[in-house]
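In: Everything below, folded, please.
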Amino acid sequence: MAELLKTEEDVANCLRLVLDDDDVGECTHALSAVARDCRMSAVAEYSGPGPGSAVQGAAPSSQPRFDTIYRFCHALGVRLVAQPAAAHI
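Out: Residues are numbered from 1 along each chain as shown. Got it, this is the predicted structure:
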């Protein structure tokens, strides 16, 4: 994965695709994979030891706290944004 995710835009696009699937477990797993494969030093430096490191080895069934996910996104150089969801018919 590290070869594919060279820029913050690449990381954002990867996470956007996962978020579009509306699968919380896959989102957690993707954050873990991106952190592990691409930016582990940045994540470790920003989040430090403790609860913030929970996403680093997160399984799809884990449920990290929002502040953990927020810190990981910041360390990965991406940010969470809100936008209207498409209407489901």
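In: Residue 20: how many residues sit nearby?
Out: Using other C-beta atoms under 10 Å, residue 20 has 9 neighbouring residues. Just so you know, the C-beta spots here come from the backbone N, C-alpha and C atoms, and that holds for glycine as well.
In: and it, what pLDDT?
Out: We have a pLDDT of 87 for residue 20.
In: Low-confidence bits of this protein, can you list those?
Out: 1-2, 38-62, 87-89 (pLDDT under 70).
In: now the strands for it?
Out: Counting by DSSP state E, the chain has no strands at all.
In: now the helices for it?
Out: Per DSSP state H, the chain carries helices over the ranges 8-20, 24-37, 40-47, 66-76.
In: the inter-axis angle of the second one versus helix 66-76?
Out: So the one you mean is helix 24-37. Counting by axes from the mean of the first three to the mean of the last three C-alpha atoms, to 10 degrees, helix 24-37 lies at 40 degrees to helix 66-76.
In: Using CSV, write down the CA coordinates of helix 24-37.
Out: Provided in CSV are the C-alpha atoms of helix 24-37 (Å, rounded to 0.1, in the frame of the first residue of the first chain):
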residue,chain,number,x,y,z
VAL,A,24,-17.3,1.3,9.9
GLY,A,25,-15.2,-1.8,10.3
GLU,A,26,-13.5,-1.3,7.0
CYS,A,27,-12.9,2.3,7.7
THR,A,28,-11.1,1.4,11.0
HIS,A,29,-9.1,-1.3,9.2
ALA,A,30,-8.2,1.2,6.4
LEU,A,31,-7.0,3.8,8.9
SER,A,32,-4.9,1.1,10.6
ALA,A,33,-3.4,-0.1,7.3
VAL,A,34,-2.6,3.4,6.1
ALA,A,35,-0.9,4.3,9.4
ARG,A,36,1.0,1.0,9.5
ASP,A,37,2.1,1.0,5.9
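In: on that earlier part again, which one of the helices of the chain lies closest to residue 85?
Out: Closest to residue 85 of these is helix 8-20 (C-beta to C-beta; 10.3 Å).
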